[in-house]
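J.: Here's a sequence, model it:
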Amino acid sequence: MATRAKSLGSWFDKRFQDWLRRHLPATDSITLNRRIIFILPTRQGMLFVAAAAVVFVAAINYAISLGFALAFLMASLFIISILHGFNNLNGLELTGLPVQSAFVGEDIGMNVLLSRNSRRRHEALELRFPGSNITRANVVSHDQEKVSIYIKATRRGRFGAPRLRVESTFPLGLTRAWSIVDLNLHSLIYPKPVRFQLERLNRSGGDTGDAVVNLPGSEDFYGLRAYQAGDSIKQIAWKSLARGQGIHVKQFVETADKRLWLDWDMFYGLSTEDRLSRLCYGVLKLSCGNSPFGLRLPDVRIDPALGAAHKQKLLRTLALYQMDSNPKEQD
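T.: Below you'll find the predicted structure:
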């Protein structure tokens with residue numbers, strides 16, 4: 001029986017979502033009207049209607065005129081509650097605003113602009129996403145109000161907010177007027193930063209370029225310089241001396257790459273998400289310094305650089321690594 005009820009609920013929910021997609025497609029801005037505003041009695045409203053019915057039946061049984069008056073008054077209040085509840089949402093304009101990026105585990109503030117015309121007031125509004133806290137707002141003293149509805153980021157990648165539910169039990173709490181809209185709210189979620197020892201950073205990139213410097217060593221021949229007291233006899237250029245060019249000493253150097261690298265292989269044995277979390281921490285910390293740094297992932301390489309644009313490029317790369325190209329809603 002429970003399985004059958006669950007299947008029936010899933011079927012109804014699927015049909016309702018299909019209906020929403022047809023009649024309420026995603027849009028950046030929408031104005032609520034009679035076609036997309038729904039009204040149902042609240043629990044208190046149902047009790048109120050039941051009480052009115054009891055009063056009406058009692059008035060019939062005992063022929064009490066005041067009982068009829070009270071029953072009709074209660075019915076009138078319920079009808080007025082429906083009308084005012086509808087008008088409280090009717091004409092309300094909702095516009096999706098740009099959303100900032102966030103990290104996994106943080107609350108994303110989905111920004112929505114509420115607008116009204118000068119002849120209407122919208123009071124005791126409640127806005128929420130499925131599973132999020134309720135944000136309350138009033139559009140009374142100003143023509144526009146900006147609100148933020150917070151929803152937790154559970155995984156990295158592109159995040160498309162679910163449908164926003166806007167509702168109100170104004171004025172008496174007997175009915176609930178509501179609508180569900182999709183405002184095309186999207187955000188980019190970065191991996192959750194996990195701290196690690198920055199001393200593990202790879203400095204031996206082996207590249208050549210402006211960041212590569214030569215240090216005294218014994219690997220590659222660099223050139224000749226005049227002999228100085230204390231120089232090793234083994235380094236004297238005897239051929240140069242034989243040609244009568246004076247006593248010179250051979251110079252040898254070894255190359256060193258001053259640039260820093262955040263490398264995928266630094267975290268061998270960890271899962272993909274654990275590696276990305278540590279690389280994300282490295283990006284955040286190194287962005288505060290003055291040393292150019294780059295990123296190496298399997299099939300991805302970003303050369304060392306500095307600046308806010310470089311930081312955002314690295315974070316975006318980590319957020320979208322091995323993710324689908326289309327935005328998807330989070331669980």
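J.: How much space separates Y190 from A124?
T.: To A124, Y190 is 36 Å away according to CB to CB, to the nearest Å. Glycine gets a C-beta too; all of them are placed from N, C-alpha and C.
J.: ugh, wrong one, L32
T.: 15 Å.
J.: Longest helix of the protein, counting residues only.
T.: Identified as the longest helix of the chain according to DSSP state H is helix 65-89.
J.: Quick check: which helices or strands does that helix pack against?
T.: For helix 65-89, the contact count by 3 or more CB pairs under 8 Å, 6 or more residues apart in numbering; DSSP states H and E identifies strand 38-41, helix 43-62, strand 122-128, strand 164-168, strand 175-181 as packing neighbours.
J.: about what we covered before: ok, Y190 and A124, which is more surrounded?
T.: Y190 (25 against 15; other CB atoms under 10 Å).
J.: Tell me what the more buried one is bridged to.
T.: Note on Y190: beta-bridge partners F103, judged by DSSP bridges.
J.: so what's it up against?
T.: By CB atoms under 8 Å, 6 or more residues apart in numbering, the residues touching Y190 are 101-104, 156, 280, 315, 318-319.
J.: Mind picking the one among those residues that's closest to N290?
T.: Using CB to CB, L315 is the member of these that lies nearest N290, at 19.1 Å.
J.: Make sure the closest one is actually in contact with V283.
T.: Yes: L315 lies in contact with V283 (CB atoms under 8 Å); the separation is 6.0 Å.
J.: quick one: average confidence on the helix or strand where W261 lies?
T.: W261 is located in strand 260-263, with elements delineated by DSSP states H and E. In this model, strand 260-263 has an average pLDDT of 88.
J.: and that strand, C-alpha only, in CSV?
T.: The C-alpha trace of strand 260-263 is given here as CSV (Å, rounded to 0.1, in the frame of the first residue of the first chain):
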residue,chain,number,x,y,z
LEU,A,260,55.3,27.6,-8.6
TRP,A,261,53.1,24.8,-9.8
LEU,A,262,49.9,23.3,-8.3
ASP,A,263,50.2,19.8,-9.6
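J.: tell me the mean pLDDT over the helix or strand hosting E145?
T.: Per DSSP H and E, E145 falls inside strand 144-152. Strand 144-152 carries an average pLDDT of 94.
J.: Specify the next element, helix or strand, located C-terminal of the helix or strand where R22 lies.
T.: In this assignment (DSSP H and E), R22 forms part of helix 2-23. With elements assigned by DSSP H and E, the helix or strand that comes after helix 2-23 is strand 29-31.
J.: who touches that following strand?
T.: For strand 29-31, contacts defined as CB under 8 Å, 6+ apart pick out 24, 36, 91-96, 181, 183.
J.: For PyMOL, what selects the buried ones among the residues you listed?
T.: In PyMOL, this line selects whichever of the contacts of strand 29-31 come out buried by 16 or more other CB atoms under 10 Å:
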select buried, resi 24+36+92+93+94+95+96+181+183
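J.: Select from the contacts of strand 29-31 every entry located in strands.
T.: Using DSSP state E, the subset of these located in strands is 93-96, 181.
J.: in the helix holding R22, what counts as buried?
T.: So, applying 16+ other CB under 10 Å, helix 2-23 has no buried residues.
J.: Which strands or helices does it pack on?
T.: Helix 2-23 is packed against no helix or strand, with contacts defined by 3+ CB pairs under 8 Å, 6+ apart.
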